[in-house]
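**Q** What shape does this take:
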Amino acid sequence: MIKAIIFDCFGVVRTDSFDDVYKSMGGDPDKDRDFIRRTLQESNSGRIASSRPIIAAHLGITESQWAEAMNRHGSIDKRLLRYIQELGKSYKIAMLSNIGKRGLQRFFEPGFLEKYFEQIIVSGEIGFAKPEARAYEITADKLGVRIDECIFIDDRQEYVEGAWFVGMKGVLYKSLEKCKAELKLILDSSKNNL
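**A** Below is the predicted model:
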């Protein structure tokens, strides 16, 4: 039976505008894909405190210019948050985000996420990033549920596949409407299999 639903942050709860911001600051995200991936992976796994100074230096801008551009280009999906609140009446709700230590603090006011999520797991703080199995396992442990009692929702196929690999159900996020429909199918099936 499903007891917990875990959401990604960027690309789901908050729009993921990294490539657009990178371009607006004079970078070429396609050409720099390996550099970006390596830098974000170092930050996401907690090996470096933040990707911000490295990316800013690579682009020839200041850290504050990069931070301001990232904040300016992203938005929070308030409709999704209302839906998450409804789900929270029946299920444990968590966020699992690949971001460096204290990274979410740059995008959300203090206490904002806690209104919607019982647990907020940041890869840079636990030392494991999606799609590493331990990232999903730690999240389930913090919620006090088994892996197979969780649904994981992310906008990146490889991270959904990582959840499937450890035994979670997974939903690839494309829109709120599609997410609701897929979640309903999984949740109804879970209830019917009791």
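
**Q** For the rest of this, base every contact and every neighbour count on C-alpha atoms.
**A** Will do.

**Q** Which strand or helix spans I151?
**A** I151 is part of strand 150-154 when elements are defined by DSSP states H and E.

**Q** what about A129, neighbour count?
**A** By the criterion of other C-alpha atoms under 10 Å, A129 has 26 neighbours.

**Q** Please pull out the lowest mean pLDDT helix or strand from the protein.
**A** helix 63-73 (a mean of 89; mean pLDDT, DSSP states H and E).

**Q** is it fair to say E158 lies in a helix?
**A** Yes - according to DSSP: H, G, I helix; E, B strand; the rest coil, E158 belongs to a helix.

**Q** wait, D155 sits on K174?
**A** Yes - in this structure, D155 is within contact of K174 by C-alpha atoms under 8 Å, at 6.5 Å.

**Q** Mind checking which of the two has more residues around it?
**A** Taking other C-alpha under 10 Å, D155 and K174 do not tie; D155 has more neighbours (19 against 14).

**Q** Leaving out chain neighbours, which residue sits closest to the more buried one?
**A** Among residues not flanking D155 along the chain, Y173 sits closest, at 4.5 Å (C-alpha to C-alpha, 6 or more residues apart in numbering).

**Q** Hmm, V12 and that neighbour touching each other?
**A** Yes - using C-alpha under 8 Å, Y173 makes contact with V12 at a distance of 6.7 Å.

**Q** Overlap in contacts, these two.
**A** Both Y173 and V12 are in contact with D154, D155, where contact means C-alpha atoms under 8 Å, 6 or more residues apart in numbering.

**Q** Show me what the longest helix seen in the chain packs onto, helices and strands only.
**A** Assignment by DSSP state H gives helix 176-192 as the longest helix of the chain. Other elements packing on helix 176-192 under the criterion 3 or more C-alpha pairs under 8 Å, 6 or more residues apart in numbering; DSSP states H and E are strand 169-172.
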